[in-house]
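Undergrad: I would like the atomic coordinates for the input below:
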Amino acid sequence: TESAAAAGDEYDTGTVIGVEAIATVIAGACGGVIQTTPYIGHPAYKAMGGRAAYTLATAAFIGFAGLTGTFAYLYEILPGPALVPILVFVGLEITSQSFHATPVKHYPAVALACVPALAALAKIETDKVLAAGATPDAALARELFSLQLISAGFILTSVLWAGMLTALLDRQLRRAAGWCLAAAAFTLCGVIHSPFKDGRLFAPWAIGELPPEAAGRGPLELALAYGLLAGLYAVWAVVRPAPAKSDDD
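TA: As a prediction, this is how the structure comes out:
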């Protein structure tokens with residue numbers, strides 16, 4: 001919807017996400033392992049004259065290829081170097097439109113939201129090195145564990161961090177505290193910052209044995225840190241109420 005808004009077309013975000021969620025649940029019940037996602041590129045489609053039929057044709061082709069196994073043949077025919085630039089372009093477009101559709105004062109929140117995703121990207125590469133037999137020393141192992149913590153559940157972490165910073169930039173301290181409390185709850189269950197390599201979830205009272213690198217920064221400590229931030233923001237909200245909005249807001 002942000003991509004469409006950047007091209008001058010407004011759609012109801014709740015409806016779009018609701019349909020996407022229903023489609024994902026149906027796909028999961030049928031054995032699907034990847035969520036459906038409203039994809040980027042609306043401005044480019046509009047500039048080329050694409051209309052509703054373009055999206056319908058794309059869905060029909062993807063559905064046909066998935067049901068008939070055509071993707072396997074396409075992977076054999078199309079070389080990797082021809083596909084990777086498309087993914088790079090998509091990433092650049094997503095990043096560009098994120099800033100284009102965001103107020104200037106919220107740019108720091110967009111930048112912060114990129115950090116967990118970058119950590120996940122770095123972890124993919126470091127995991128390859130470790131799988132090849134590399135053995136890090138204790139200091140490097142702790143740094144690599146930091147990547148594990150930040151990258152686990154990175155999509156939700158990005159949303160929570162960006163929401164918190166956006167609230168702070170808007171001087172909405174109570175809302176920022178709410179974001180921190182949500183992050184604390186998710187941390188206690190391993191939805192974000194899971195300390196385990198497989199990213200497993202757990203109950204707060206049955207976390208299990210943590211790796212040595214988690215000493216002092218396990219789920220309980222991280223959740224406590226989020227909780228302390230929430231308390232600090234709540235106190236600030238009482239001591240220093242949010243100022244009235246200016247014309248620039």
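Undergrad: quick one: distance of stretch 151-163 to the chain centre.
TA: Its chain's average C-alpha position is 5 Å from that of stretch 151-163, according to Cα atoms, centre = their mean, to the nearest Å.
Undergrad: next, the buried residues of that stretch.
TA: 151, 152, 153, 154, 156, 157, 158, 159, 160, 161, 162, 163 (16 or more other Cβ atoms under 10 Å). No exception for glycine: its C-beta is placed from N, CA and C like everyone else's.
Undergrad: for the residue nearest to the spatial centre of the chain, what is the enclosing helix or strand?
TA: In the chain, the centroid-proximal residue (Cα atoms, centre = their mean) is residue 155; its distance is 1.8 Å. Element membership of residue 155 [criterion: DSSP states H and E] is helix 154-169.
Undergrad: which elements pack onto the helix or strand just after that helix?
TA: Downstream of helix 154-169, the next assigned helix or strand under DSSP H and E is helix 173-189. For helix 173-189, the elements it packs on are helix 154-169, helix 219-239, judged by 3 or more Cβ pairs under 8 Å, 6 or more residues apart in numbering; DSSP states H and E.
Undergrad: let's have these in CSV, adding mean pLDDT and distance to residue 18.
TA: CSV is the format used below for these (pLDDT from 0 to 100; distance: least, Cβ to Cβ, whole Å):
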stretch, mean pLDDT, distance to residue 18
helix 154-169, 94, 17
helix 219-239, 93, 29
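Undergrad: quick one: which of those is nearest residue 128?
TA: helix 154-169 (17.8 Å; Cβ to Cβ).
Undergrad: starting at the chain centroid, how far to that closest one?
TA: Distance, centroid of helix 154-169 to centroid of chain: 10 Å (Cα atoms, centre = their mean).
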